[in-house]
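> sequence-free structure coming up:
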């Protein structure tokens with residue numbers, strides 16, 4: 001699979017900042033250090049690279065000395081992830097490691113309990129909240145499920161596909177971001193917040209050792225947050241084919257043939273994932289543009305051509321619609 005950088009919406013970043021309760025005057029220098037532009041956050045179409053968010057997350061966690069920054073009723077002090085990793089790194093299988101991690105969290109987190117319920121064919125990692133109601137912030141539920149999945153994937157050295165991801169609350173404004181954060185279909189207003197996976201995944205052997213822990217901690221939270229996923233959703237499969245040489249000019253009929261399905265079936269599957277071919281293609285061009293602006297010195301004319309725009313002005317208009325800022329402004333702010 002082609003590796004491609006994660007991007008997140010301004011709605012997601014703003015919701016995270018609100019949840020952490022970091023004052024605006026304190027957030028501004030942290031945003032600058034992370035290379036996140038104010039104008040991007042002020043636009044509903046703004047996009048932020050996963051690496052930028054990971055840096056922001058790390059800065060806020062360090063400032064508050066809280067590894068789930070202000071998301072729980074009590075801080076999860078710095079060093080919690082290190083202690084957990086050292087406690088689970090010698091587990092024989094991913095299932096054993098996840099069970100151990102859930103028990104460690106039981107000692108440190110008072111807002112909910114995480115239970116690994118193993119079945120013959122399907123297993124669930126379930127968030128069990130107090131009978132009297134939710135104590136933590138909603139984003140804590142989202143983040144802890146992401147931590148479990150990202151950590152498990154890192155331990156076995158490959159991304160773990162999910163049968164489904166359930167949340168027991170309404171879809172937030174940034175619900176579309178979960179298609180990038182989790183490699184499986186996401187549902188809201190369910191009976192519980194949980195990850196659902198094939199039980200065979202729990203038998204996979206751990207591929208990491210204690211020497212790997214130091215690198216993981218140095219990059220924290222990148223390796224549990226920004227991992228790229230295997231193509232599970234049809235959306236991801238379409239995206240992968242569009243990334244192939246010459247794929248940018250492919251029509252929906254071309255992609256349907258490559259996926260060995262009819263165009264009508266492809267449209268129906270994309271609709272079930274709340275998207276369409278045009279949206280997938282536009283989102284890919286957006287992320288490719290962000291990647292090229294951040295990781296190359298190519299002139300705007302060349303980037304516009306590679307993305308299939310006949311004129312630079314058309315590229316500028318599209319990029320502003322995608323991110324809330326111009327390509328030039330975005331490139332100038334990448335090193336801030």
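Perfect, I can see it now. Note that the structure is a prediction, hence the values are computed from the model and not measured. Numbers count the residues shown, from 1 in each chain.

> mind listing the helices in the stretch 51-200 of the chain by residue range?
Using DSSP state H, counting those that start in this stretch, the helices of the stretch 51-200 of the chain run over 80-88, 94-108, 138-156, 178-181.

> Setting the sequence-adjacent residues aside, check what's closest to residue 55.
residue 34 (4.2 Å; Cβ to Cβ, 6 or more residues apart in numbering). Where you see a C-beta, it was placed from the backbone N, CA and C, and this is true even at glycine.

> residues touching the one you found, list them.
52-53, 55-56, 59 (Cβ atoms under 8 Å, 6 or more residues apart in numbering).

> from what I can see residue 289 touches residue 325, true?
No: contact between residue 289 and residue 325 fails when scored by Cβ atoms under 8 Å: they sit 11.5 Å apart.

> Would you mind listing the residues touching both of the two?
Common contacts of residue 289 and residue 325 (Cβ under 8 Å, 6+ apart): residue 319.

> Just want to check the distance between the spatially most central residue of the chain and residue 319.
Nearest to the geometric centre of the chain sits residue 181, at 2.7 Å (Cα atoms, centre = their mean). Relative to residue 319, residue 181 is positioned 23 Å away (Cβ to Cβ, to the nearest Å).

> Equivalent analysis for residue 95, please.
On the measure of Cβ to Cβ, residue 95 and residue 319 end up 45 Å apart.

> Going by how many neighbours each has, rank those two and give me the top one.
residue 319 (27 against 19; other Cβ atoms under 10 Å).

> That one is in contact with residue 331, isn't it?
No: between residue 319 and residue 331 there is no contact under Cβ under 8 Å: 10.4 Å.

> returning to that earlier point: and the residue nearest to residue 55, what pLDDT?
In this prediction, residue 34 carries a pLDDT score of 93.

> Any stretches of the stretch 201-336 of the chain with poor pLDDT?
Residue ranges of the stretch 201-336 of the chain with pLDDT under 70: 227-233, 334-336.

> ok, 50 please
229-232 (pLDDT under 50).

> what ranges do the helices span in it?
210-219, 222-225, 234-242, 252-258, 263-272, 277-295, 300-306, 312-323, 327-333.

> Flag every buried residue along the first one.
Right, the one you point to is helix 210-219. 212, 216, 219 (16 or more other Cβ atoms under 10 Å).

> ok, now the fifth one?
Buried residues in helix 263-272, counted by 16+ other Cβ under 10 Å: 266, 269-270.

> Check the last one too.
Taking 16+ other Cβ under 10 Å as the basis for neighbour counts, the residues of helix 327-333 that come out buried are 327, 329-331, 333.

> what's the neighbour count on the closest residue to residue 42 other than its chain neighbours?
Among residues not flanking residue 42 along the chain, residue 324 sits closest, at 6.8 Å (Cβ to Cβ, 6+ apart). Look at residue 324: counted by other Cβ under 10 Å, it has 20 neighbours.

> Before I go, just wanted to say thanks for your time.
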